[in-house]
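**Student:** pasted the sequence and its predicted model underneath.
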Amino acid sequence: MAEPSRSASAGQEADHADSTAASLRSKCVQLLVSAIHPEPQELEMATELATQVEQHIHCIHSSNQVKYKACIRSKVSNLKNPKNRHLRQGLLSGSLTPEAFARMSAEEMACAELRRQREEYSSRDVSERQLPRGVEGTATRQLRCERCGGSDCSVTQVDRGTLFLPAWVRPGGPDDQAMTFVTCSSCGQQWYHSGWISL
């Protein structure tokens, strides 16, 4: 007798879960329709587009409700953003398919201006962080350049790991981890502090 009651309660729970999921999906479609913000004559088309977008998002994130909701929120937010009018116009004109829109990342949905700024920041970040920089030293007039005879020089000490060094410059022992350069400010001549060998 206990078996039928268990299966009946399990069936009721499954029906409740299905109706909850259907309600959630219906609400998401309504959110997408309102985000498309159609004119009265475009309402039917917008509803169809929103339904298709939701179906594709549901297919992509059917196993993860958190990601499904986050994706819907992202689409709604981007459609409502006045700078992203190209998304709404693309959907309504047919140049942007519901499936393509459903698969777009936040970066892909951004307006052209924001994409340009991101590329600029990214390239600036690369140049600032990854490209080698010139090493600045401490000005001194205590040394004389052998090439031009000038005494306007700078002394720089750097960790050996930060520079590529030719084999003849590398130290013999592991205890010598720093190297000192002298650079002439007038002609650019450089010396390495090991008996001030010219580079």
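**Tutor:** Perfect, thanks for sending it.
**Student:** A106: what's it in contact with?
**Tutor:** Applying CB atoms under 8 Å, 6 or more residues apart in numbering, one finds that A106 lies in contact with S74, N78. Every C-beta, even on glycine, is put in place using the N, C-alpha and C of the backbone.
**Student:** likewise K83?
**Tutor:** C111, E113, L114.
**Student:** just the buried subset of those residues, please.
**Tutor:** C111 (16 or more other CB atoms under 10 Å).
**Student:** in helices only, show me the contacts of K83.
**Tutor:** E113, L114 (DSSP state H).
**Student:** tell me which residues in the strand or helix carrying E44 are buried?
**Tutor:** Assigned by DSSP states H and E, E44 falls within helix 43-60. By 16+ other CB under 10 Å, the buried positions in helix 43-60 come out as A46, T47, L49, A50, T51, Q52, V53, E54, H56, I57, H58.
**Student:** isn't there a helix covering N78?
**Tutor:** Yes: counting by DSSP: H, G, I helix; E, B strand; the rest coil, N78 falls inside a helix.
**Student:** can you give me the separation between it and S19?
**Tutor:** With distances taken as CB to CB, to the nearest Å, N78 is found 30 Å from S19.
**Student:** which one of these two has more residues nearby?
**Tutor:** Each of N78 and S19 has its neighbours counted (other CB atoms under 10 Å); N78 has more, 20 against 10.
**Student:** name all residues that make contact with the more buried one.
**Tutor:** N84, L87, A106, M109, A110.
**Student:** if I look at it, how far off is E48?
**Tutor:** 20 Å.
**Student:** and Y68, by the same measure?
**Tutor:** From Y68 to E48 the distance is 20 Å (CB to CB).
**Student:** kind regards, and thank you for your time.
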